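> Below is the sequence, then the predicted model.
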Amino acid sequence: MKIQVFSTYDDLSLKAAEDLTQFLALTEKPLLCVASGDSPSGLYKKLAEKVKNNETDISNWHFVGLDEWMGMNGEDAGSCRFHLNKQFFDVLQIEEQRISFFDGRTSNPGEECRRVDNFIQQQDGIDVAVLGLGMNGHVGMNEPGTLPVLRSHLADIAPQTQQIGQKYFTDAKILSQGLTLGIQTLKEAKHIMLIVNGAHKASIVEKVLEEKISDEIPATLLRNHPNLTIYLDKSAAQFIISYE
């Protein structure tokens, strides 16, 4: 585990984008797992700038979405795919055949999970997983108590996450379930990039790093991954000064 602390979120995002391109530089057809949310958005912005400035070529990259709210897909404003389209996919005009993303409008969640798992397998696994961190320690929609052996699955969303998730929508939504990659799938990624910013995340960052590894704080289950890098701005790192 490697921890990097930055003075600003902009500095964090730039370094994360630089590391990401380095991790994937020597891979012929890399597969990148992308998370939606506020924390990784700066990385996508910096990466898009690098592509537009011809500093980085992602024409051979493939992408798998981390999660999606049940009942939603990219056509729904506020959905995970909607935000990633705005931040990244549409900005760089990435072809749909290079993207595998959960369709939360499916009538068969089990089959949808198998489809995404098959895509990952066909790409020989995830090369880099970009993740954020929930206020209760969740990663993706793997909430506290989720079995760590799961791969893609239908998840029940914790009440706190349901409440926080409303910020992405203009009107109230039912966010009781979602489709997500499981902890086992994430642990098999060659590299994991956990991006966390803001003072409101400082307490959960401390718990992820200090408390025992347990499914009660799902992000701790990634702590022993050989290529886990945690990117923090100073506000998020304020309780773990000893790691700087």
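Thanks, I have it. Numbers count the residues shown, from 1 in each chain.
> can you pull the contacts of residue 94?
58, 63, 88 (CB atoms under 8 Å, 6 or more residues apart in numbering). Glycine gets a C-beta too; all of them are placed from N, C-alpha and C.
> Looking at the residues you listed, spot the one nearest residue 151.
Closest approach to residue 151 among the contacts of residue 94 (CB to CB): residue 63, at 17.8 Å.
> Look at residue 193 and tell me its secondary structure.
Put simply, residue 193 is strand when judged by DSSP: H, G, I helix; E, B strand; the rest coil.
> Apart from its chain neighbours, what residue comes closest to it?
Once flanking residues are discounted, residue 193 sits nearest to residue 130: 5.1 Å by CB to CB, 6 or more residues apart in numbering.
> And residue 155, its phi and psi?
phi -110, psi 140 (degrees, to the nearest 10).
> Spit out the contact partners of it.
Residue 155 neighbours (CB under 8 Å, 6+ apart): 67, 140-143, 146, 177-180.
> Quick one: buried ones out of those?
67, 140-143, 146, 177-180 (16 or more other CB atoms under 10 Å).
> could I get those as a markdown table with distance to residue 101?
Shown next, in a markdown table, are the buried ones among the contacts of residue 155 (distance: CB to CB, whole Å):
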| residue | distance to residue 101 |
| --- | --- |
| 67 | 9 |
| 140 | 13 |
| 141 | 14 |
| 142 | 17 |
| 143 | 20 |
| 146 | 21 |
| 177 | 17 |
| 178 | 13 |
| 179 | 10 |
| 180 | 12 |
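> Low-confidence bits of this protein, can you list those?
Within the chain, the stretches with pLDDT under 70 are 241-244.
> Strands along that one, start to end?
2-6, 31-34, 62-65, 67-69, 99-100, 128-131, 153-156, 177-180, 191-196, 228-233 (DSSP state E).
> how distant is the last one from the center of its chain?
What it means is strand 228-233. 13 Å (CA atoms, centre = their mean, to the nearest Å).
> Go ahead and name everything in contact with it.
Under CB under 8 Å, 6+ apart, the answer for strand 228-233 is 1-9, 11-12, 15-16, 19, 191-198, 205, 209, 222, 240.
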